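K.L.:
coords below, sequence missing:
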């Protein structure tokens with residue numbers, strides 16, 4: 001059974017940090033590009049960060065220099081370290097996966113988790 005399960009969301013103050021985790025199962029995830037997207041209330045789901053199977057990392061401009069994506073293929077885990085958080089980072093964060101190279105489109109994802117809520121207070 002293919003599953004992506006996010007954890008680590010919660011409440012943080014502006015300037016603080018959170019680390020999100022995504023536990024993946026049911027596929028050889030080392031062969032997949034793994035993603036983080038986010039969706040704020042009333043807005044579309046947007047790209048945050050990705051790491052391809054080849055190890056290339058991509059970031060949205062809004063999080064570059066503050067967020068870091070990483071993965072542990074042996075443990076089938078994907079992480080998103082979020083530092084210097086801002087209130088505008090408040091959203092539900094989703095883990096996604098797709099075979100193939102990088103794509104910043106939510107429609108390109110083959111698999112999704114159910115999301116974890118991040119709330120950043122000012």
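P.N.:
Nice, I can see it. Remember, it's a predicted structure, so these values are computed and weren't measured experimentally. Numbers count the residues shown, from 1 in each chain.
K.L.:
Count the neighbours of residue 25 for me.
P.N.:
11 (other CB atoms under 10 Å). All C-beta spots, glycine's among them, are computed from the backbone N, C-alpha and C.
K.L.:
ditto for residue 44
P.N.:
Number of residues near residue 44 (other CB under 10 Å) recorded here: 8.
K.L.:
just the one 3 residues further on next, same as before
P.N.:
For residue 47, the number of neighbouring residues by other CB under 10 Å comes to 22.
K.L.:
Relative to the helix or strand it falls within, what are the paired strands and their orientations?
P.N.:
Assessed by DSSP states H and E, residue 47 sits inside strand 46-51. Looking at strand 46-51 with DSSP bridges, its partner strands are strand 32-39 (antiparallel), strand 57-59 (antiparallel).
K.L.:
Pull out the buried positions in that strand.
P.N.:
Neighbour-count burial for strand 46-51, counted by 16 or more other CB atoms under 10 Å, picks out 47, 48, 49, 50, 51.
K.L.:
As TSV, those with pLDDT and distance to residue 105 would be great.
P.N.:
Formatted as TSV, the buried residues of strand 46-51 follow (pLDDT from 0 to 100; distance: CB to CB, whole Å):
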residue	pLDDT	distance to residue 105
47	98	8
48	98	13
49	98	14
50	97	11
51	95	16
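K.L.:
tell me the contacts of the residue of the chain most remote from its centre?
P.N.:
Largest separation from the mean C-alpha position in the chain: residue 122, at 22.4 Å (CA atoms, centre = their mean). Neighbour list for residue 122: 14, 87 [criterion: CB atoms under 8 Å, 6 or more residues apart in numbering].
K.L.:
Now do it against residue 38, distance only.
P.N.:
18 Å (CB to CB, to the nearest Å).
K.L.:
Could you tell me the end-to-end distance of stretch 81-93?
P.N.:
12 Å (CA to CA, to the nearest Å).
K.L.:
Contacts for it next, please.
P.N.:
6, 9, 12-20, 36-40, 43, 48, 62-63, 66-70, 80, 115-122.
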